[in-house]
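Enquirer: structure for the following, please:
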Amino acid sequence: MHVGTAVIFQATDPKRNDRDVYEHELKLGDLAEPLGFDSIWGVEHHFTDYTMCPDVLQYLTWFAGRTTRIQLGSMVVVLPWHDPMRVAEQVSMLDHMSNGRFIFGIGRGLGRVEFEGLGVDQNDAREIFVESAQMLLEGLERGWCEFDGKHIKQAKRDIRPRPFKSFKGRTYAAAVSPESSEIMAKLGIGLLVIPQKPWEMVIEEMANYRRIYRQVNHADAPPPVLAGWVYCDRDAARAEAMAREYIGGYWKSVLKHYELVGDHLGKLKGYESYGAMQKNVSDPNQRDAMIDFFLGLQIYGTPEQCTQRILDYTGRLGAETFTGVFSYAGMPYEDAERSMRLFASDVLPRLKAHRPLHAEAAE
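Expert: Just a heads-up that it's a prediction; the model follows:
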């Protein structure tokens, strides 16, 4: 199994300034390669303390220069917020500088504060995403971009430096709604799964995605990437208490950043499926239950418990990659580092030794 880690730069603790957050989060990122992780990932967000990484490709370029082996993953580049021609150039440049270690993750975005702040009509997000992705994916394979769409107009221009290896098999998209997973199948890209829905729903959507992918691309879909929030401790009771405080705290930051207490998402074109989520979250009687539900989807406990949870969840999805987030919601950095080091020493070797079922069958 491929095992990665992500650094997200949350600044939800009012006692810390942004400089302190960056200093310590970058130190955690520097541990990824020495501790034996296979990849390091970053997210893109703007304007709030939810996460402070407005340029994930710049962040990954920093780690490209500080590492030699580890792969570099975007989780994700939010395409409606960017000129896709510039993204094509930045991606190709990063891939050259990292000797082909880049994993390209893309998405369409959800936060109203970000769409409004960047001057993009959120009602157009899905259409912009699809057009941008089509142009990018075609351009990165052939070395030049050209597109005449409703939103994206691009005269034919070369990508320089030219891409030197295919991005097929290393391009993924975050997909939460059922409609998005169908779009990703038609685009021929893999799925990045961040658990936030009942497993039976995720598995049903994954089956539909694989069916459409096979119909359109005449090949099996790549195994998905699974991400999760992690707290590992030798004391199971302490691990649960820390998870409840800090993974629960992360969920509260999700509610705040995405304004999930409300009803605006269900009224936006392309976001209708979020209406039911907002309805549940907006019910005060459901909020504690929602925290418990989110906790139940994440990874916490002793090394043995963390290992079994990851193998259970990746097995349900048919995933061969797990990416863990170890620092979030103002957790003391010494606790985040202790959890990360314990995970690396006691969980990582077991996961790397695990052989996915479909890999065994192919031998």
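
Enquirer: once you drop chain neighbours, what's closest to the spatially most central residue of the chain?
Expert: Centroid check for the chain by C-alpha atoms, centre = their mean gives Met75 as the closest residue, at 3.5 Å. Nearest non-adjacent residue to Met75, counting by C-beta to C-beta, 6 or more residues apart in numbering: Trp41, 4.4 Å away. Every C-beta, even on glycine, is put in place using the N, C-alpha and C of the backbone.

Enquirer: tell me the buried residues in the helix or strand encompassing Tyr59?
Expert: Following DSSP states H and E, one finds Tyr59 within helix 56-66. For helix 56-66, the neighbour count (16 or more other C-beta atoms under 10 Å) marks Val56, Leu57, Tyr59, Leu60, Thr61, Phe63, Ala64 as buried.

Enquirer: so how far is Pro161 from the residue lying closest to the last one once chain neighbours are set aside?
Expert: Yep, that's Ala64 we're talking about. When the adjacent residues along the chain are set aside, Ala64 lies closest to Ser98, with 3.9 Å between them (C-beta to C-beta, 6+ apart). Distance of Ser98 to Pro161, computed by C-beta to C-beta, to the nearest Å: 12 Å.

Enquirer: and Lys256, what does it touch?
Expert: Thr48, Tyr50 (C-beta atoms under 8 Å, 6 or more residues apart in numbering).

Enquirer: what's the pLDDT at it?
Expert: Per-residue pLDDT puts Lys256 at 95.

Enquirer: and Phe343, how many neighbours?
Expert: Using other C-beta atoms under 10 Å, Phe343 has 26 neighbouring residues.

Enquirer: you'd agree it is in a helix?
Expert: Yes - remark: Phe343 belongs to a helix, assigned using DSSP: H, G, I helix; E, B strand; the rest coil.

Enquirer: ok, it touching Gly301?
Expert: No - judged on C-beta atoms under 8 Å, Phe343 makes no contact with Gly301 at a distance of 10.9 Å.

Enquirer: which neighbours do those two share?
Expert: With C-beta under 8 Å, 6+ apart, Phe343 and Gly301 have common neighbours Cys232.

Enquirer: could you count how many residues lie near Val347?
Expert: 25.

Enquirer: can we start the residue count at 858 from this point?
Expert: I'll keep to 858 as the first residue from here, and by that count the last item is Val1204.

Enquirer: got a list of what it touches?
Expert: With C-beta under 8 Å, 6+ apart, Val1204 has these contacts: Cys1089, Pro1160, Cys1163, Thr1164, Ile1167.

Enquirer: part of a helix, is it?
Expert: Yes - secondary structure of Val1204 (three-state DSSP): part of a helix.

Enquirer: measure it to Ile1167 for me?
Expert: Going from Val1204 to Ile1167 by C-beta to C-beta gives 7 Å.

Enquirer: what does Asp981 give?
Expert: For Asp981, the distance to Ile1167 - C-beta to C-beta - is 37 Å.

Enquirer: compare these two and say which is more crowded by neighbours.
Expert: Ile1167 (24 against 17).

Enquirer: can I get the CA coordinates of stretch 920-940 in CSV?
Expert: In CSV, the C-alpha atoms belonging to stretch 920-940 read as follows (Å, rounded to 0.1, in the frame of the first residue of the first chain):
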residue,chain,number,x,y,z
PHE,A,920,9.0,20.3,-1.0
ALA,A,921,10.2,19.1,-4.4
GLY,A,922,13.4,21.0,-3.7
ARG,A,923,13.7,19.6,-0.1
THR,A,924,13.2,15.9,-1.0
THR,A,925,14.5,13.3,-3.5
ARG,A,926,12.2,10.3,-3.3
ILE,A,927,8.7,11.3,-2.0
GLN,A,928,5.8,12.0,-4.4
LEU,A,929,4.0,15.3,-4.3
GLY,A,930,0.2,15.4,-4.4
SER,A,931,-2.3,18.2,-4.8
MET,A,932,-5.5,17.7,-2.8
VAL,A,933,-6.6,19.7,-4.7
VAL,A,934,-6.1,22.4,-7.3
VAL,A,935,-9.5,24.0,-7.5
LEU,A,936,-9.9,24.6,-11.2
PRO,A,937,-12.7,27.2,-11.3
TRP,A,938,-10.4,29.6,-9.3
HIS,A,939,-7.6,29.4,-12.0
ASP,A,940,-6.7,30.1,-15.6
